[in-house]
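> Got a predicted structure here, sequence first:
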Amino acid sequence: MLDQADLPEEPDARRAGVIGAIEHLVGLQAQAPFPPYYGLWSRLPGFRPDDLASLITDRSVVRIALMRGTIHLVSARDCLPLRRLLQPVLERGVRGHRRVGPARPAGHHECARRRALGRPPAVRRRWR
């Protein structure tokens with residue numbers, strides 16, 4: 001549990017408590033709709049699903065692709081700074097998974113490495 005007392009009954013204080021918890025955690029995994037609710041319910045005594053639903057509806061918290069391209073729920077205040085910080089990592093991940101050009105034959109990369117090291121290509125024996 002986070003170091004917090006039960007959520008107060010005043011709507012503004014409840015909102016601040018939920019947003020504070022999300023910011024403290026630097027986001028909650030939100031690939032599916034329910035995990036953020038479970039995460040907050042298990043951390044905040046007195047949490048009600050409407051506490052989070054209203055924050056999503058008024059966009060005080062948003063879902064965005066962040067860490068390892070996974071969808072996370074973060075506060076609107078943290079959204080842009082986190083995205084700016086993680087954008088280069090996300091771009092490298094996309095470039096690393098994109099196939100450029102035609103497929104290479106098996107062993108192509110090994111031959112290229114050997115040439116780069118100034119070694120002759122390895123000769124493979126045929127199994128009969």
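Good, I have the coordinates. Numbering: from 1, shown residues only.

> Could you use CA atoms for every contact and neighbour count after this?
Will do.

> Report the buried residues of the helix ranked longest in the chain.
In the chain, with assignment by DSSP state H, the single longest helix is helix 76-97. Buried residues in helix 76-97, counted by 16 or more other C-alpha atoms under 10 Å: 76, 79, 82, 83, 86, 87, 90.

> Could you identify the pair within those residues that is furthest apart?
Comparing every pair within the buried residues of helix 76-97 by C-alpha to C-alpha identifies 76 and 90 as the most remote, at 19.6 Å.

> pretty sure residue 78 is in contact with residue 24, am I right?
No - no contact is recorded between residue 78 and residue 24 when judged using C-alpha atoms under 8 Å, the distance being 10.6 Å.

> Make CSV out of the buried residues of helix 76-97 and add distance to residue 32.
Below are the buried residues of helix 76-97 laid out as CSV (distance: C-alpha to C-alpha, whole Å):
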residue, distance to residue 32
76, 19
79, 19
82, 20
83, 20
86, 21
87, 22
90, 20
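
> Turn these into CSV, including pLDDT and distance to residue 60.
Rendered in CSV, the data for the buried residues of helix 76-97 read as follows (pLDDT from 0 to 100; distance: C-alpha to C-alpha, whole Å):
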residue, pLDDT, distance to residue 60
76, 94, 5
79, 91, 10
82, 89, 15
83, 88, 16
86, 86, 21
87, 87, 21
90, 81, 24
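
> what comes up buried for stretch 49-64?
Within stretch 49-64, the residues that qualify as buried are 51, 52, 55, 56, 61, 62, 63, 64, counting by 16+ other C-alpha under 10 Å.
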